[in-house]
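Novice: Fold the stuff below for me.
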Amino acid sequence: MKINLTLPMPPSMNQAFPTGKQGRRYKSPEYKTWIEHARIALGGQDVRYFEKDVSYHYDIYFRNGQSGDCENRLKILTDFLVSQGILRDDKHTILKKGSFAFAGYDPINPHIDITVEGT
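Specialist: Down below sits the predicted model:
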């Protein structure tokens, strides 16, 4: 089974989980807003549930001129897929293979195109 999804560009890990005054990390307002936008983006897309032997690929489209660490966003994306019930878990026993690529720039709508395959 295979699905293709498109989600808005998530914040980086440092933007999503800043360190507070007590030295503890917390979910930033930017991250919480992204989660809501990503949930809305999932509506109307062909979403399915994957239990095992999962592979994924992320094509990353930054805003024009935006620089960033692509890998810094992968954990946020994978955790979101788990939280929405698309992936049963992100343990190595479920996720067998993952990849990503910088796919270009999108000046209007920076986003991630996601392909998930598995059973």
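Novice: Spatially central residue for this protein, please.
Specialist: L77 (1.8 Å; C-alpha atoms, centre = their mean).
Novice: longest helix of this structure?
Specialist: helix 29-42 (DSSP state H).
Novice: elements contacting it?
Specialist: strand 2-8, helix 13-16, helix 74-83 (3 or more C-beta pairs under 8 Å, 6 or more residues apart in numbering; DSSP states H and E). For the C-beta atoms, the positions are set from N, CA and C on the backbone; glycine is no exception.
Novice: Please repeat the previous calculation with a cut-off of 7 Å.
Specialist: With contacts taken as 3 or more C-beta pairs under 7 Å, 6 or more residues apart in numbering; DSSP states H and E, helix 29-42 sits against strand 2-8.
Novice: and the strand it packs on, average pLDDT?
Specialist: Per-residue pLDDT over strand 2-8 has a mean of 95.
Novice: Run a quick neighbour tally on the residue lying closest to Y61 once chain neighbours are set aside.
Specialist: Counting by C-beta to C-beta, 6 or more residues apart in numbering, D106 is the residue found nearest to Y61 once chain neighbours are left out, at 4.2 Å. When counting by other C-beta atoms under 10 Å, one arrives at 15 neighbours for D106.
Novice: rewinding a little: can you list the buried residues in the longest helix of the chain?
Specialist: Using 16 or more other C-beta atoms under 10 Å as the burial criterion, the residues of helix 29-42 that qualify are 31, 34-35, 38, 42.
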